Each structure stands twice: as C-alpha cells, then as structure tokens.
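Colleague: need coordinates for the below:
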Amino acid sequence: MRHTFNRLKYIAASVLFVLTTALSTGGAVFADSLSNNSNNPPGNNGTVKIDGTDIDQLRDNDPHVSCSFSVQWFGFDLGSRTSTVNFTAQEPTGTASLLTDQVTFTGSGAGNTLDKTANYDLTSALSSYTPQPQQGYHVKLVVSTDGSQGNDTKSKVFWVGPCGSETQYVTPAAPSATEPTCTVTDMIVTPSSQEGVVWSPVSTTTLQMGQSVTYQASPAQGYAFPEGTQVSWDFTNNFDDSNCGCGCENTVTPAAVQFNDVCGLENDTYTIPSTPHVNYYVNGSNTPTAAGTYHISAAGVVTVEAVATDDYTISGDHTWSYDFTNADCLTRVTPPPVTFKDLCERENDTFTIPSQTGVVYKVNGEPIDAGTYDAYLYDVDGTVTVTAEAMEGYQLVGDQATWSHTFTNEECGGNGGQTPVTPAAVTFTEPTCTVAGMFTVPTTAGVVYKDKDGNTLTAGNYTAAAGATVTVTAVPANDGVTLTGTTSWSHTFTTPTNCGSGSGGFVLGASTVATAPMVVGRGAELANTGTNTMATTIVAVFVLLSSLVLYGYRPKVEA
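Modeller: Numbering: from 1, shown residues only. Take a look at the predicted model:
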C-alpha cells in the first residue's frame, strides 16, 4: 500500500512538471491557437472604421469627418498585427498620395472589440488642394493588415473637411459692371472683395464692345457657400455706338413706380423712386412729387408720369397707373414650421406637416395633409422641400414659408435607428406605524421618469402618504431611444392599523409625496400625538397587575 501511494505521488509530480513547463514555454501560443480554433475561425477577420477624433460610437462609420479624425480597428485575429495605412486623394480633389503610416497592435479576435485607434490630421496634406464647395475633399483610405487568411486589404472612400477652423458660410456678392456710354464705350467688370470668396478671373476685366467674360466664385479654405447660392455670372458689352453723336445720348430711363394694394385704404401705398434728371407727377399735378412712399386717401386710379428735365430725353416706360381697391383685410396667419427627423437609413427618415387654419402645405407643388410621412417617398435627390401657401381670405406672415432638408443615408442596426432600452422598475415600500410609505426611482441610461403631472423625477427615494396613489411613467430621453418592457408603475399605499388610540401612540401623518429625494437610509419622521406610548403601556400594565393582586387577596366571606 505504501509503495502504491508513493508511485501515485511520483506520477502526479511528473504531470505537474510537464504542465508547468508547457505553460512557461509555449502556453501562450497554445492558448492563442485554442482561442483561434474555438472563437476566431480563419478568414478575412477584422473591420476598419472612420470616426471623428471624439469617438461617439464603436463600429460607427462616419462618411464625412473634419480634417482631424480617427481610424479604428475592430476584431482582428489574435496576436500581434501590423497595418500599412495609406490616404490618397480622389477626384474631384485629385489623385496623389496624401499620407502613409504603419500601425502595430494586438488583435482581440472578437468582432465587436476595438483593437486600435489611430488619429490623423490631413490639414497640411490637403493645403494645396481646392475643396469641393459643398463636400470638401475626397479621400480614399487603404489599410493592409498582415495575418489575415484571405484579402488583407480594406478600403474606405469618404469626404474630409473643413480643415483647420470650423467652416464659415459666406454668400458671394455679384461682380459690379459699369454701363458703357458714348463717351466711355468700355464695360468694366470688377469682382466683389469678400473674405472667404475666391474669384476666377481674380481681378477687374475691361470689355470692349462685343466682348464677354464669365466670373466664377469658389469658397476659400475653411469656407462654404450655402446650398443653392449663385456662383457664376456672365457679362457681355452689347453697347451700340451707332447713335453716338446725334444728340440722343442724353437719354434717361426712369425707375418704375411701385404700387402696394394690400387691404384697407390705410394699408395701400405707392412709392415714387429717385431717378437723376427725372421728375414724377401724380394724377396730373403741376408740381412734381418727391421720392418716397405715400398712402392713398380714396379707392380708385392713381396715375404717375415721369418727365425728363432739360437736355434729357425719356427712354422706356414713363407712365404707370393702378386702380386701388378697398378690399377687406385678409386674416394674417403664421405657418408653423415643418419638422424633419433624420435617422439612419432612408426608410427611417420622416417629415411632419403641421396643421394650421388658413395654410396649405405643398411638397413638389402638390398639396399635402397634416401628418408624418416617409421622406424617401417625396424626396428629390435626397432632399424634401415643403412650401406653405395662404388659403383664400388669409395672408401669410412671418419670416419663413419654405422648409428644406437633405437627408443622410447612414447605415444603422435595427429598431429604426433607435437603441432599445428596458427601464429599471420603480419599487414601493408600504408604510408602518412609525415609518412613512416610500417609493424609489431608479437610474436607467436613456430613460426619464415622470410623475402623473409630467414632472421629471430624479433618481432617489420619495415619501408618500398612507392611502395615496402614486403613478410613475418612464419616457425616452431622446429620439435615439425606444423603450421596451414595462414603462409605467402605479401603487396605492395601505394605511397601517393598530397604531394606538386617538389620544396616544404614534400614528401616520397625512404627508404628501416629497418634492425632493429623501436621504438614503433615513425614513420619514412621523408626528408624535403628544402621549408617550411606552409610558402609557407601563401604566396600563401596572393597573392590570394591581387589579389581579387585589382580586387574588380578597378576604373570604363566610356564609
């Protein structure tokens, strides 16, 4: 028996030595191989994503980032890995290589695990390129990583910009042009001088008769033009000098008179412009009317005639008439704004048409009822434009009657681009004779808890009166969250019994729900009715014992 026991000890020690040696020399490789075989099948494993320098979500691919951004490696095969990173300009930006880098990291073997983040800044590399006005710079990223079984090259094409400071928007002003005359037949075109605007041609152009030029505006680096901004202007010197020398060169074209017939005479006006060498006469008056805006005194026709001063001849229209009405004023109405919800992927994008008496909303020129609509059914190249118009008897007022939004088309998971969250439950504790009832509001990310009146409840403990009913509802904290599971809790607190008579003992007061959380670990303090329960109990027991003693020692009455 003793020899058998010694042989077992020797075998156990040998096995222990073999295992120790294996772990010290090749254990890591063995573990690595095992992990690869069980959880990391061979193949082109790993994902590369683009994100801003402030990483907002793992495995989130941003198609448009600033010139400072990050590249992220996810779930590459276990072990040490080396990636060659190359950024190349893409048309319309260019075709040259911008930056090359080499990154070393350790692969995790898990598809959702972030293995490596590297930050890059292409501001300097792109300084000699001209950005596309709306998008910025077009760049391709190619990442080649060793150790993959299959294609080890991954690529992304994305837009970059702005570089340096945040983009500033500027609207280019049209170039100015002089009108040729018989004395100066040339037309001189001068581009506007604005910060953030680059012109081609860059300087003033002198056009002789019959010559043309086109001026093109582009945003400077760090600037952008609003969508729909005019960026090109054509100029042609069409002056004809065939009549020069006949005395007809002293002609003047009067600016037109403007009439404004709104509603009610008090709102109707006409405006006399100011034109050099021209006088304006109203309704046949012998006295010219100075430039300005005038109210009419009665409904009817107002006629204004323009007459040139000495040595000048009128050219073009010189008489204007308008028959003013005295129509009732229209009801003024401000159209409520159209709202857009731009989530990930097109089928989740929506826009909402509000309802307003006197206002009709149109999409692509067609009326549309109030409600929420799928954006992809109405967009034009990804953009939905809605216009508000006044119905008969109404007049639109306010600063805006057109709303437009260009929807993105970013990839996302399920749930319509929203994150499902299950709210933690609200709990309730019944009151006792000495402790008030209590309910506890938990903390859940993405969830806001509210009482029956819609007031937000912060996390913590709240007291409640006996017999009171408390209702708490959970709502999403933002549009990116959708709630699952139970979202409302209601509880009616009981009223403790046998808490003492009306003249003594501790009883529960009629407290209401607290407006702020209680200190954790400290219950509500209940009102004392004025009689100490312990003292009352001792007196009652003493009286009872005295009665028993007296009863037990009654003198025996003889018959």
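Colleague: partners of the strand or helix carrying residue 472 in the sheet?
Modeller: Assigned by DSSP states H and E, residue 472 falls within strand 469-476. Paired neighbours of strand 469-476 in the sheet (DSSP bridges): strand 447-450 (antiparallel), strand 488-492 (antiparallel).
Colleague: residues making contact with it?
Modeller: Where contact means C-beta atoms under 8 Å, 6 or more residues apart in numbering, the residues beyond strand 469-476 that reach it are 421, 423, 426, 428, 439, 441, 444, 446-452, 457, 462, 464, 482-483, 487-493, 513. Every residue, glycine included, has its C-beta placed from N, CA and C.
Colleague: residue 282: what's it in contact with?
Modeller: Here residue 282 is in contact with 272, 289, 294, 302-304 (criterion: C-beta under 8 Å, 6+ apart).
Colleague: which strand residues bridge it?
Modeller: residue 304.
Colleague: same check, this time on residue 362
Modeller: Beta-bridge partners of residue 362, as defined by DSSP bridges: residue 367, residue 387.
Colleague: can you get me a residue count around residue 367?
Modeller: Applying other C-beta atoms under 10 Å, we find 10 residues neighbouring residue 367.
Colleague: what about it, distance to residue 172?
Modeller: 36 Å (C-beta to C-beta, to the nearest Å).
Colleague: report the mean per-residue pLDDT for stretch 109-126.
Modeller: The average pLDDT within stretch 109-126 is 86.
Colleague: how about that stretch: buried residues?
Modeller: Neighbour counts over stretch 109-126 (16 or more other C-beta atoms under 10 Å) mark 109-110, 115-116, 120, 122, 125-126 as buried.
Colleague: now, which of those residues lie within strands?
Modeller: Counting by DSSP state E, the buried residues of stretch 109-126 place 115-116, 120 in strands.
Colleague: before we move on, back to that, can I get the strand holding residue 472 in PDB, CA atoms only?
Modeller: Extracted in PDB, the C-alpha atoms of strand 469-476 (Å, rounded to 0.1, in the frame of the first residue of the first chain):
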ATOM      1  CA  THR A 469     -51.800  56.500  -5.100                       C
ATOM      2  CA  VAL A 470     -48.500  57.200  -6.900                       C
ATOM      3  CA  THR A 471     -48.000  56.700 -10.600                       C
ATOM      4  CA  VAL A 472     -44.600  56.900 -12.300                       C
ATOM      5  CA  THR A 473     -44.100  56.700 -16.100                       C
ATOM      6  CA  ALA A 474     -40.800  56.100 -18.000                       C
ATOM      7  CA  VAL A 475     -40.200  58.000 -21.300                       C
ATOM      8  CA  PRO A 476     -37.300  58.000 -23.800                       C
END
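Colleague: so after it, what's the next helix or strand?
Modeller: Per DSSP H and E, the helix or strand that comes after strand 469-476 is strand 481-483.
Colleague: that next one packs against which elements?
Modeller: strand 419-421, strand 469-476 (3 or more C-beta pairs under 8 Å, 6 or more residues apart in numbering; DSSP states H and E).
Colleague: centre of the chain versus the shortest one, how much separation?
Modeller: Relative to its chain's centre, strand 419-421 lies at 19 Å (C-alpha atoms, centre = their mean, to the nearest Å).
Colleague: and what of the longest one?
Modeller: Taking C-alpha atoms, centre = their mean, one finds strand 469-476 lying 27 Å from the centre of the chain it belongs to.
Colleague: what's the answer for stretch 456-472, then?
Modeller: 34 Å.
Colleague: ditto for stretch 76-87
Modeller: For stretch 76-87, the distance to the chain centre is 35 Å (C-alpha atoms, centre = their mean).
Colleague: what's the answer for stretch 214-234, then?
Modeller: Here stretch 214-234 is found 26 Å from its chain centre; the criterion is C-alpha atoms, centre = their mean.
Colleague: what sits up against that stretch?
Modeller: With C-beta under 8 Å, 6+ apart, stretch 214-234 has contacts from 127, 130-131, 133-134, 162-172, 174-175, 189, 191, 195-201, 212-213, 235, 406.
Colleague: buried only: go through the residues you listed for me.
Modeller: 131, 133, 162-163, 167, 170, 172, 175, 189, 191, 196-199, 213, 235, 406.
Colleague: thinking again about what came up before, could you dump the helices and strands packed on strand 481-483 to TSV with mean neighbour count?
Modeller: Formatted as TSV, those follow (neighbours: other C-beta atoms under 10 Å):
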stretch	mean neighbour count
strand 419-421	16
strand 469-476	18
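Colleague: nearest to residue 258, out of those strands?
Modeller: Residue 258 lies closest to strand 469-476 among the helices and strands packed on strand 481-483, at 52.8 Å (C-beta to C-beta).
Colleague: so the nearest residue to residue 115 once chain neighbours are set aside bridges to which residues?
Modeller: Excluding its sequence neighbours, the residue lying closest to residue 115 (C-beta to C-beta, 6 or more residues apart in numbering) is residue 73, at 4.4 Å. With DSSP bridges as the criterion, residue 73 is bridged to residue 48, residue 116.
Colleague: check the spacing between residue 73 and residue 86 real quick.
Modeller: In terms of C-beta to C-beta, residue 73 sits 15 Å off from residue 86.
Colleague: same question for residue 186.
Modeller: Counting by C-beta to C-beta, the gap from residue 186 to residue 86 is 53 Å.
Colleague: ok, now residue 346?
Modeller: From residue 346 across to residue 86, the span is 32 Å (C-beta to C-beta).
Colleague: partner strands of the helix or strand harbouring residue 270, with direction?
Modeller: Using DSSP H and E, residue 270 sits in strand 269-272. Partners of strand 269-272 in the sheet, by DSSP bridges, are strand 258-260 (antiparallel), strand 292-295 (antiparallel).
Colleague: any idea of the mean pLDDT in the strand or helix carrying residue 352?
Modeller: Per DSSP H and E, residue 352 falls inside strand 350-353. Average pLDDT, strand 350-353: 96.
Colleague: ok, residue 437 - contacts?
Modeller: 428-431, 463-466, 468, 493-494.
Colleague: list the beta-bridge partners for it.
Modeller: When bridges are called by DSSP bridges, residue 437 pairs up with residue 464.
Colleague: give me the pLDDT value at it.
Modeller: Note on residue 437: pLDDT of 92.
Colleague: quick one, which of residue 73 and residue 86 is more surrounded?
Modeller: residue 73 (24 against 16).
Colleague: my read: the more buried one touches residue 104, true?
Modeller: No: the pair residue 73 and residue 104 fails to qualify as a contact (C-beta atoms under 8 Å) at a distance of 10.8 Å.
Colleague: give me the common contacts of the two.
Modeller: 81, 83.
Colleague: where does the prediction get shaky in the protein?
Modeller: Applying pLDDT under 70 to the chain flags residues 1-44, 52-63, 148-151, 164-167, 243, 245-249, 412-417, 501-559.
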